[in-house]
Every structure is written in structure tokens, then in C-alpha cells.
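Undergrad: Generate coordinates for the sequence data below:
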Amino acid sequence: MNIQEKRKLKEVLRGLISDGFVGTQTEIASHLKSKGFKITQSTVSRILNDMGVIKEFAGGKQVYRNVDHPRGSYRGSLSDQVLSVQYNEAMIVIKTHPGSAMFVAGFIDYECRLTVLGTVAGDDTIFVTPMKIAKISDALKDINRVLK
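TA: You can find the predicted model right below:
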């Protein structure tokens with residue numbers, strides 16, 4: 001695939017995502033094939049990853065969103081992506097739907113920077129380190145505020 005084709009493909013993918021396309025990467029590949037692109041699911045996966053797109057679940061269906069969307073353009077509630085929040089004396093652990101941890105962690109890192117030292121996100125788990133262990137309750141309150 002040459003650079004021009006890849007740009008066009010990314011443009012079409014951005015359009016699909018902003019239109020709220022619901023489906024799997026295989027379904028995205030089929031849709032793109034119907035538009036004349038020669039593409040596989042694995043190529044779709046790589047390109048979505050390069051574009052900063054994450055997979056989410058809304059109403060039990062798979063959708064894709066750009067990670068770098070400002071909160072104002074995110075149409076759902078962050079709490080829809082969170083399954084549980086647990087903590088001990090030193091750390092907070094947040095479980096999310098698969099593919100949503102980095103998305104949620106980005107908001108926590110930005111919105112809770114006065115009470116949270118940082119986050120580490122995998123696919124469905126976020127480790128949150130409070131700014132001060134003695135003030136973990138402040139970090140929890142801040143996180144709960146962001147998740148609403």
C-alpha cells in the first residue's frame with residue numbers, strides 16, 4: 001500500500017469512527033473492501049493502533065474511538081467503561097472493559113494531577129498511584145469525580 005492509499009484509508013477510517021461505526025475489525029475490513037481497499041483484519045488493527053484508536057463497548061456492542069478526543073467530544077460516561085475500583089493503603093486498581101484502560105487512565109492523569117502521581121494502564125486494568133499515600137482518600141474522591 002503506497003502513502004497516498006494509506007492516507008485515503010485513514011481518512012475513510014476516521015469517518016467511520018466519527019460516525020460511530022459498530023462492529024469488529026473484521027467487519028471494518030469488509031466495509032473497507034466494499035469501498036475498494038485491499039485490506040485484512042490485521043492491517044486494520046495496526047492502522048487503528050497507529051491512529052490512536054481504542055475499542056470500547058457500548059450497549060454490549062463493539063465501537064471504536066480516538067484516544068486523543070477531548071472529553072467534550074466523548075459522548076458516553078467514563079463510568080460506563082469502568083467495572084470496579086478497589087484500593088489498599090498504597091494503590092488504587094481500576095478494572096475496565098477490555099480496550100478501555102488507556103482511555104480512562106488518560107482522563108485520570110489529566111484531571112487528577114493534584115492528587116494522583118500517575119497511572120499505568122494495560123488493556124483492562126489501571127494501577128493508580130496517589131500523590132501521597134496518606135491522602136489516598138483524596139485521590140479516590142478525585143477519581144470518582146472524573147468517572148461520573
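
Undergrad: what residues are up against Ile136?
TA: Listed by Cβ atoms under 8 Å, 6 or more residues apart in numbering, the contact set of Ile136 reads 87, 89-90, 92, 130. Where C-beta positions appear, they are placed from N, C-alpha and C, glycine not excepted.

Undergrad: Of those residues, just say which sits nearest to Asp50.
TA: Ile92 (30.5 Å; Cβ to Cβ).

Undergrad: who does the closest one bridge with?
TA: Beta-bridge pairing of Ile92 under DSSP bridges involves Tyr87, Val128.

Undergrad: doesn't Thr24 make contact with Val44?
TA: No - applying Cβ atoms under 8 Å as the test, Val44 and Thr24 come out as separate, 9.4 Å apart.

Undergrad: Now Asp138. Nearest residue, chain neighbours left out?
TA: Among residues not flanking Asp138 along the chain, Thr115 sits closest, at 4.8 Å (Cβ to Cβ, 6 or more residues apart in numbering).

Undergrad: Now do the contacts for Ala139.
TA: 92, 112, 115-116, 128, 130-131 are the contacts of Ala139 under Cβ under 8 Å, 6+ apart.

Undergrad: Lowest pLDDT pick from those?
TA: Checking pLDDT across those, the minimum falls on Cys112 at 93.

Undergrad: Please work out how many residues are found near that one.
TA: Look at Cys112: counted by other Cβ atoms under 10 Å, it has 23 neighbours.

Undergrad: what's it in contact with, if anything?
TA: 139, 142-143, 146 are the contacts of Cys112 under Cβ under 8 Å, 6+ apart.

Undergrad: Quickly name whichever of these is closest to Asp123.
TA: Taking the contacts of Cys112 together and measuring to Asp123 by Cβ to Cβ, the closest member is Ile143, at 19.3 Å.
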